[in-house]
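Enquirer: sequence and predicted model, in that order:
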Amino acid sequence: MTTAALSTVQLAPGQAAWRRFRRHRLALAGAVIILVLVLGSALGPYLLPFDDTYIDILKRFAPPLSGAHILGTDELGRDVMARLMMGGRVSLSIGIVAMVIAMAVGIVVGAFAGFYGGVVGAVLMRLVDAVLCFPTIFLLLALAALTEPGLITTTVLIAATAWMGVARVVEAQVRSLREREFAVAALAFGSSNLRIMFRELVPNAIAPIVVAATLNVAKAILLESYVSYLGYGIQPPAASWGNMLNNAQIYLTSAPWLAIAPGVAITLAVTSFNFLGDGLRDALDPRMNIP
């Protein structure tokens with residue numbers, strides 16, 4: 001086969017998407033960092049000689065690289081590395097679970113609004129607009145102040161303030177797809193509205209949904225950090241990146257490593273998920289050219 005003929009060979013959609021994703025170096029780096037954070041949080045605590053709640057008063061405020069304490073110890077002599085990894089479990093779990101809940105609610109609301117339109121669509125989208133009128137962090141803090149702090153509560157509250165953007169994306173996609181030939185054909189063959197929405201329309205809008213999901217994880221991690229930092233989220237002695245920052249704020253000058261470690265972890269996680277979302281957006285966009 002000649003070179004000219006080879007250049008005309010069309011790649012499969014999956015191969016083309018992978019090639020577009022590989023071109024995005026920051027997205028690849030973000031995916032690697034996310035993998036490291038997830039594996040470190042899941043497996044790291046089993047590899048350390050210290051438990052995250054083990055207290056050694058004699059080694060309070062040990063600086064980083066002090067013997068077995070790679071990142072030092074905190075005001076109670078607890079190992080910062082162990083708490084960072086356990087905090088990663090909590091923060092990443094909240095981010096992922098909150099994203100799943102927010103995506104489920106947003107997809108359902110957006111699909112119904114986009115498919116039915118008219119009064120149903122107007123009412124649902126005005127509900128979305130009404131919730132979006134409130135600044136997210138203030139709405140989250142107001143709701144958190146009315147509930148008992150905890151892992152489940154924090155996750156549900158974050159999800160309750162993160163589904164609106166997904167609903168808008170899905171509504172726009174479903175509204176543009178509902179008159180396409182495959183949707184009309186499904187209706188002509190007697191498919192129910194629910195089947196058309198969730199078996200025909202939503203799967204064809206999967207690309208922007210995946211991107212929104214990735215960006216929602218980053219948003220959820222940030223929101224958990226805000227709420228826990230202000231004392232309304234995960235409560236001690238349980239560790240999260242947010243409450244580690246809260247506990248470290250009075251030691252910024254005497255023991256700065258207590259704030260640096262969770263601060264760097266939050267920055268890496270949020271930035272990596274944002275880069276991954278950008279890479280997925282480019283990879284799943286068929287209009288992107290492959291050199």
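Expert: Done, it's in.
Enquirer: for residue 51, phi and psi?
Expert: Per-residue torsions, residue 51: phi -80, psi 150 (degrees, to the nearest 10).
Enquirer: the nearest residue to it once chain neighbours are set aside: neighbour count?
Expert: Spatial nearest neighbour of residue 51, chain neighbours left out: residue 82 (6.4 Å); criterion: Cβ to Cβ, 6 or more residues apart in numbering. For the C-beta atoms, the positions are set from N, CA and C on the backbone; glycine is no exception. A count of nearby residues for residue 82, using other Cβ atoms under 10 Å, gives 24.
Enquirer: now swap in the one 5 residues further on and tell me
Expert: In terms of burial, residue 87 registers 27 neighbours under the definition other Cβ under 10 Å.
Enquirer: torsion angles phi and psi at it?
Expert: According to degrees, to the nearest 10, residue 87 has phi -60, psi -30.
Enquirer: nearest residue to it other than its sequence neighbours?
Expert: residue 239 (4.0 Å).
Enquirer: likewise for residue 205?
Expert: In space, residue 205 is closest to residue 173, 3.5 Å off (Cβ to Cβ, 6+ apart).
Enquirer: residue 114 is in contact with the one you found, correct?
Expert: Yes - the pair residue 173 / residue 114 is scored as a contact, 7.0 Å apart, by Cβ atoms under 8 Å.
Enquirer: tell me the residues that contact both of these two, please.
Expert: Residues touching both residue 173 and residue 114 (Cβ atoms under 8 Å, 6 or more residues apart in numbering) are residue 201.
Enquirer: the more surrounded of those two?
Expert: Using other Cβ under 10 Å as the criterion, residue 173 and residue 114 rank with residue 114 on top: 28 against 21.
Enquirer: next, residue 63: phi, psi?
Expert: phi -70, psi 170.
Enquirer: and residue 79, by the same measure?
Expert: Torsion angles, degrees, to the nearest 10, at residue 79: phi -70, psi 120.
Enquirer: from residue 73, how far out is it?
Expert: 6 Å (Cβ to Cβ, to the nearest Å).
Enquirer: and if you look at residue 38?
Expert: Following Cβ to Cβ, the distance that separates residue 38 from residue 73 is 25 Å.
Enquirer: which one's more surrounded, these two?
Expert: residue 73 (28 against 15).
Enquirer: spell out the secondary structure type for the residue nearest to residue 205.
Expert: Recorded secondary structure, residue 173: helix (DSSP: H, G, I helix; E, B strand; the rest coil).
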